[in-house]
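Asker: Pasting the sequence and the predicted model now:
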Amino acid sequence: MGLKIEGFEGSGTFEKGVHPPGRKNFSTDIPIEVIPTPKKVVLPMSQHIGAPCASQVKAKQEVTFGEVIGKAKAFVSAPIHSPINGKVLKAANVTLPNGRRVPAIPIKAEGDQLEGKALMDEIFGGDWSKDCAGKYDPKAISDAINDAGIVGLGGAAFPTHVKIMPNEDKPIDALLINGCECEPYLTPDYRMMIEFPEAIIAGSLLAGHAVGAKKIVIGIEDNKPKAVESMEKAAAGTGIKIARLKTKYPQGSEKHLIMSVMKRKVPPGGLPIEVGAAVSNVGTVAAIAGAVLKKKPLTHRVVCVTGAGINNPKNLLVPMGISYGELIDFCGGLTKDAARIISGGPMMGFAFADLSTPVTKGASGVTILTNKDVKKADETACVRCGRCVDVCPLDLVPSKLAVGSRNSNLDVVQKYNIMACLECGCCSYTCPASLPIVQLIRMGKAMVAASAKK
Ligand code: SF4
Ligand code: SF4
């Protein structure tokens, strides 16, 4: 790896990984727009990693914007709030983009709603204090994050209060904020850094104070110079540093961000806290600022609707529970040659077909690919070229994991540490035999999880 980047221990990059085309041009320069309130939202009671929520409402009950709909019943969980004023409909089951069927609470919109600029101002507007973090007790910050139902908005959907809390046994000296957005096509984090940098800085200071971090660094890939400029301006005088990192996938993965900025290696299967670090995403810390400074629960998020298969790509502020179909309609519908709809981006996302699927907290966008984009060679047998091993950023052996998963061989997949795989897709991207390595690994992981329950 290269030399150190100025002011940091790391070199701004990590070993292995790939360089897929960014394809951010569809939506990167389009300002965030507020989508009109839909007639109905459907709120899955499981929008996060951890225990599902328990419904707090009954059919026909009237609810208001921000009211708790699902209550967290475990430490690793996050409550769910209504993004609209309305009336609760009969509970139902919905299918998430990853294929999981989960209970959900539908709410029909009724009465006045916050719309357009008023809604944008409610969530991201106003003054974001840069000097008040020290006035809060760290536990109070973590509690406010918990009450607001904040989870990792970069896609992981891990409850944020669990990460952002004081830990005397394992002190954290550095908070890293992920502004890389290395996944092709996706642009919500970029737009947040351009349009709402002050909220990101305020949330970073609050999160850093909560974990006791001595330094806070925002990592941004060097193909986003306007975002670097915007964040540097907003961070002036706060002590927060901006690290320009190499454009490389998966630069935004927690472990690789830590390596790039701090040259610390998180052990296989380990967590950032084991090397004294905590990692959050720019959208997540902006939500933290809202939760602590404005007492606002997480009801909306920014998503992009992008790709050559959508008529009018956009970045949108949307309520949780709106359907992907409504996002697509609002963006002018699919083009004639649209071929695949992906929740997220093409490297880590899930292709799905049911457009009634609701948007959840971890959904960063929807990418619509065309026939030309998805045209691919037929799958052939593994030619043992080793390219998947050469690019795996976690030093796994993807070919063994794929074969073991395909053959339902629990011993092989466990021997080759399948659960450490972050499903980044570098192996599939590079495989000349077009093997669906990540899909096979996901199957293998499900097999391991099922065997653990027996
Ligand atoms: S095995 Fe997992 S971590 Fe390694 S390249 Fe493939 S998807 Fe990424
Ligand atoms: S890249 Fe594909 S063909 Fe090459 S070793 Fe890996 S699985 Fe086999």
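Answerer: Structure received. Numbering: from 1, shown residues only. Ligands and ions are numbered 1, 2, ... in the order given.

Asker: Return the list of helices and strands in contact with the longest helix along the chain.
Answerer: In the chain, with assignment by DSSP state H, the single longest helix is helix 437-453. Secondary-structure packing of helix 437-453 (3 or more C-beta pairs under 8 Å, 6 or more residues apart in numbering; DSSP states H and E): helix 398-406, helix 410-415, helix 426-430. The C-beta positions use only the backbone N, C-alpha and C, and glycine is treated the same way.

Asker: Let me know which of the ones you listed is the nearest to K39.
Answerer: Closest to K39 of the helices and strands packed on helix 437-453, according to C-beta to C-beta: helix 426-430, at 38.5 Å.

Asker: Centre of the chain to that closest one, how far?
Answerer: Helix 426-430 sits 21 Å away from the centroid of its parent chain (C-alpha atoms, centre = their mean, to the nearest Å).

Asker: What lies in contact with that helix?
Answerer: 16-18, 20, 249-250, 347, 387-388, 390-393, 398-399, 402, 435-439 (C-beta atoms under 8 Å, 6 or more residues apart in numbering).

Asker: What about ligand 1: which of the residues you listed touch it?
Answerer: 392, 398, 437-438 (C-beta under 6 Å from any ligand atom).

Asker: out of those residues, who has the most neighbours?
Answerer: Greatest neighbour count in these, by other C-beta atoms under 10 Å, goes to I437: 28 neighbours.

Asker: show me what contacts it?
Answerer: Contacts of I437 (C-beta under 8 Å, 6+ apart): 388, 398-399, 401-402, 427-428, 431.

Asker: same thing but 10 Å
Answerer: Neighbour list for I437: 382, 388, 392, 398-399, 401-403, 405-406, 421, 423, 425-431 [criterion: C-beta atoms under 10 Å, 6 or more residues apart in numbering].

Asker: Buried ones among those?
Answerer: By neighbour count, with 16 or more other C-beta atoms under 10 Å, the contacts of I437 hold 388, 392, 398-399, 401-403, 405, 421, 423, 425-431 as buried.

Asker: Do you have the helices of the stretch 151-300 of the chain handy? List them.
Answerer: 160-163, 188-195, 197-211, 225-235, 254-262, 282-293 (DSSP state H, counting those that start in this stretch).

Asker: Which among these is found nearest to K73?
Answerer: Comparing the helices of the stretch 151-300 of the chain under C-beta to C-beta, the one sitting nearest is helix 160-163, at 14.6 Å.

Asker: Next to ligand 2, which bits of the chain? Give me the list.
Answerer: Proximity of the chain to ligand 2 is confined to 382-388, 398-399, 402, 430-433, 435, 437 under the rule C-beta under 6 Å from any ligand atom.

Asker: If we use 5 Å, what do you get?
Answerer: 382-383, 385, 387-388, 399, 431, 433, 435 (C-beta under 5 Å from any ligand atom).

Asker: want to throw those into TSV with pLDDT and secondary structure?
Answerer: Putting those into TSV (pLDDT from 0 to 100; DSSP: H, G, I helix; E, B strand; the rest coil) gives the following:
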residue	pLDDT	secondary structure
C382	94	coil
V383	94	coil
C385	97	coil
R387	97	helix
C388	97	helix
S399	97	helix
C431	96	coil
A433	94	coil
L435	94	coil
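
Asker: Where does the stretch 1-150 of the chain get nearest to ligand 1, which residue?
Answerer: As assessed by C-beta to the nearest ligand atom, ligand 1 sits closest to K16 within the stretch 1-150 of the chain, at 8.1 Å.

Asker: And that residue, how far from P184?
Answerer: 18 Å (C-beta to C-beta, to the nearest Å).

Asker: Please say which of the two ends up with more neighbours.
Answerer: Neighbour count, other C-beta under 10 Å: between K16 and P184, P184 has more, with 20 against 15.

Asker: Identify the residues contacting the more buried one.
Answerer: 20-24, 249, 306-307, 345-349, 367, 429.

Asker: for K58, same thing?
Answerer: Counting by C-beta under 10 Å, 6+ apart, K58 touches 88, 90-91, 105.

Asker: do that again at 8 Å, thanks
Answerer: By C-beta under 8 Å, 6+ apart, the neighbours of K58 are V88.

Asker: Which helix or strand contains it?
Answerer: Under the criterion DSSP states H and E, no helix or strand holds K58.

Asker: Can you report phi and psi for it?
Answerer: Main-chain dihedrals, K58, degrees, to the nearest 10: phi -120, psi 160.

Asker: confidence score at it?
Answerer: With respect to pLDDT, K58 scores 96.

Asker: now the one 10 residues further on
Answerer: The model reports V68 with a pLDDT of 97.

Asker: Run a quick neighbour tally on it.
Answerer: 17.
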